[in-house]
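A.B. asks: A structural model of the following input is requested.
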Amino acid sequence: METLKLTTTIDPDGHLRLDVPTNLPAGEVELVIVLSKPRQVRYDFSDLVGRLAWKGDALATQRDLRDEW
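C.D. replies: Numbers count the residues shown, from 1 in each chain. Purely as a prediction, here's the structure:
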């Protein structure tokens with residue numbers, strides 16, 4: 001038994017094509033493929049983070065805005 005791990009791409013037509021050299025002798029083999037989706041990297045908002053210098057009562061302003069609806 002041989003364990004292989006590789007990263008490859010799926011073609012635009014949805015096909016996965018593998019060309020993997022092995023040390024196994026010629027003949028029939030059983031192949032198990034486990035596909036996992038790439039991890040989604042969360043966007044780093046640290047460059048957009050700041051503080052709002054608020055003058056006044058934030059809760060009262062929120063209520064006033066809500067009452068406008």
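A.B. asks: Now do residue 20: how many residues are near it, please.
C.D. replies: Residue 20 has 9 neighbours, counted by other CB atoms under 10 Å. Where you see a C-beta, it was placed from the backbone N, CA and C, and this is true even at glycine.
A.B. asks: my bad, should have said residue 69
C.D. replies: Residue 69 has 4 nearby residues by other CB under 10 Å.
A.B. asks: measure it to residue 52 for me?
C.D. replies: Separation of residue 69 from residue 52 (CB to CB, to the nearest Å) stands at 22 Å.
A.B. asks: same check, this time on residue 37
C.D. replies: Residue 37 is 37 Å from residue 52, by CB to CB.
A.B. asks: And residue 25, by the same measure?
C.D. replies: Residue 25 is 69 Å from residue 52, by CB to CB.
A.B. asks: can you check residue 10 too?
C.D. replies: The value you get for residue 10 to residue 52, if CB to CB is used, is 44 Å.
A.B. asks: what about those two, which has more around it?
C.D. replies: residue 10 (10 against 5).
A.B. asks: OK, contacts around that one?
C.D. replies: residue 16 (CB atoms under 8 Å, 6 or more residues apart in numbering).
A.B. asks: Now do the SS call for residue 9.
C.D. replies: coil (DSSP: H, G, I helix; E, B strand; the rest coil).
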